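**Student:** model this:
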Amino acid sequence: MSNALADRERLRRLFDLRSDVYISRGGAFDVDPYPTFHELRESGPVHAHSPHEPLGWTGPVFFQGLPYPDRPHFTAYDFETCSTILKDDEHFVTNVPPIGNEQVLPNTILFMDGKEHRAHRTLVQPSFIPAKVAWWLDNWIRGSVEALIDSIAPTGSADLNLDLCAPVPMLTITGSFGLTDDEALQIREAVTSDLGDTTTMARLLAPIIAARRQEPQDDLITVLTQAELTDDDGAVHRLNDIEILTFAFVLLAAGTGTTWKQMGITLWALLTHPETMEQVRQDPSLMRGVIEESVRWMLTDPAFSRFAVKDTTLAGVHIPAGAVVHACLGAANRDPKRWDRPDEFDPFRPMKPHLGFGFGPHTCLGMHVARMEMTHAINTALAKLPNLRLDPNAPAPQVIGLYERGMDTVPVVFDAAGSAS
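**Tutor:** Residues are numbered from 1 along each chain as shown. The predicted structure is shown next:
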């Protein structure tokens, strides 16, 4: 492990959900939202409010679809209606012209719709298909995971949320850009100022982009330098430096935070179900079901939003054009009409598609890579950290956050490498 990653205080500062960075995502929120989600779903699939309002959150809110105070807000809580919102891009889109003094959303793939979204997604999608997962594992995931775990194996204790979960997805994406560990942390420090500093990433990536144009390598920046877009008039052009930097920034933002938090939640779920954890240790192939159940049961981003482009009706509720419509995926993933015992973590239940990775045109581009990061990291931890268990002397871990949920800590103890079992 590099010296940059050995600075645990720096890591703690950069990956603390209670820090100022996450205030506007409800980082300090530590109430279980699911009882309220259940009550709302049972009283009607769609309600006229934002997801945080019935939960009592009164702090600042900035997230996808929020705050937009001049628009009416509606939230859906059942699986069927949330699926409709995510797949129906005729009525519900990610970006619409602003009204009043609203800020225009950035022109990135996250806020594109229709033909424009499909064209930009196609540029990088081949690098994220299941057949390319081994490419990510061999080039960037395996080495980072093993270095991180080998560094803590002799110690007998760790905070796996900090020492494993947080660095792995960050190093995977930045490694695919050709950046060092220290450069990765520099970018993390810059962008965690509430996305206030993108110049650091531009400064570090600019020479790599120039080098890849001259001498291509087997990495993601090379993929972007060779990607071609076809304009409406049929003209074909390669991405310029600004377009590549924008893509890289979006991939970093979308591909690190969610995976880190979901990995921590998955580890915590196993550690609080030791019999299941032992079964997985004996048969690592069971990790597939564990991850799918974790994402269904306690996903990191419990709500995503769309804008209504025309008057429509959802579950009998009139939705006016211009309204923000929130799909509460956390509630949808525990819809009792679809899952028996939905509040239970049961990785052996019959597997059904869930909404944890989204649905429709904006289904998570990197979901297969995220699954591999979590699978390899957790299976390696189970294999290399004998007698792994929650630290009985540490405060009980908590799932915190509102629009970005994750573990405050995952404190563990285990038999240190070289010690007697």
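**Student:** Toward the C-terminus, what is the element adjacent to the longest helix belonging to the chain?
**Tutor:** Looking across the chain with DSSP state H, the single longest helix is helix 241-271. Next in sequence after helix 241-271, counting helices and strands by DSSP states H and E, comes helix 274-282.
**Student:** quick one: low-confidence ranges for the stretch 301-421 of the chain?
**Tutor:** 418-421 (pLDDT under 70).
**Student:** repeat for the chain
**Tutor:** Applying pLDDT under 70 to the chain flags the ranges 1-2, 97, 103-113, 117, 193-197, 232, 418-421.
**Student:** From residue 240, how far out is the residue most central in space within it?
**Tutor:** The residue lying closest to the centre of the chain (C-alpha atoms, centre = their mean) is residue 258, at 1.9 Å. Relative to residue 240, residue 258 is positioned 28 Å away (C-beta to C-beta, to the nearest Å). Glycine gets a C-beta too; all of them are placed from N, C-alpha and C.
**Student:** What of residue 80?
**Tutor:** Taking C-beta to C-beta, one finds residue 80 at 43 Å from residue 240.
**Student:** Could you do residue 325 as well?
**Tutor:** Distance from residue 325 to residue 240, by C-beta to C-beta: 34 Å.
**Student:** More neighbours: the two, which one.
**Tutor:** Neighbours per residue, other C-beta atoms under 10 Å: of residue 325 and residue 240, the larger number sits with residue 325, 27 against 11.
**Student:** The more buried one and residue 314 touch, don't they?
**Tutor:** Yes - using C-beta atoms under 8 Å, residue 325 is in contact with residue 314, at 7.1 Å.
**Student:** from memory residue 206 sits against residue 241, does it?
**Tutor:** Yes - Residue 206 is within contact range of residue 241, at 6.8 Å (criterion: C-beta under 8 Å).
**Student:** give me the number of residues near residue 181?
**Tutor:** Residue 181, neighbours per other C-beta under 10 Å, totals 20.
**Student:** re the thing from before, where do the contact lists of residue 325 and residue 314 overlap?
**Tutor:** 74, 76, 85 (C-beta atoms under 8 Å, 6 or more residues apart in numbering).
**Student:** Look up the closest residue to the first one, ignoring the ones flanking it.
**Tutor:** If you skip the residues right next to it in sequence, residue 74 has residue 325 as its closest partner in space, 5.1 Å away by C-beta to C-beta, 6 or more residues apart in numbering.
**Student:** In three-state terms, label the one you found for me.
**Tutor:** For residue 325, the assignment made with DSSP: H, G, I helix; E, B strand; the rest coil gives strand.
**Student:** where does residue 22 land in three-state SS?
**Tutor:** Classified using three-state DSSP, residue 22 is helix.
**Student:** How about residue 30?
**Tutor:** coil.
**Student:** how big is the angle separating the helix or strand where residue 172 lies from helix 241-271?
**Tutor:** When elements are assigned from DSSP H and E, residue 172 belongs to helix 167-177. In terms of direction (axes from the mean of the first three to the mean of the last three C-alpha atoms, to 10 degrees), helix 167-177 departs from helix 241-271 by 150 degrees.
**Student:** Contacts for helix 167-177, please.
**Tutor:** By C-beta under 8 Å, 6+ apart, helix 167-177 touches 5, 11, 136, 139-141, 144-145, 148, 181, 183-184, 187-188, 205, 208, 219-221, 248, 251-252, 255-257, 259-260, 263, 369-370, 373, 377.
**Student:** give me that answer again for 6 Å
**Tutor:** Outside helix 167-177, the residues that touch it by C-beta atoms under 6 Å, 6 or more residues apart in numbering are 5, 140-141, 144-145, 184, 219-221, 252, 255-256, 259-260, 373, 377.
**Student:** from those, which is closest to residue 19?
**Tutor:** For the contacts of helix 167-177, the closest approach to residue 19 (C-beta to C-beta) belongs to residue 260, at 14.0 Å.
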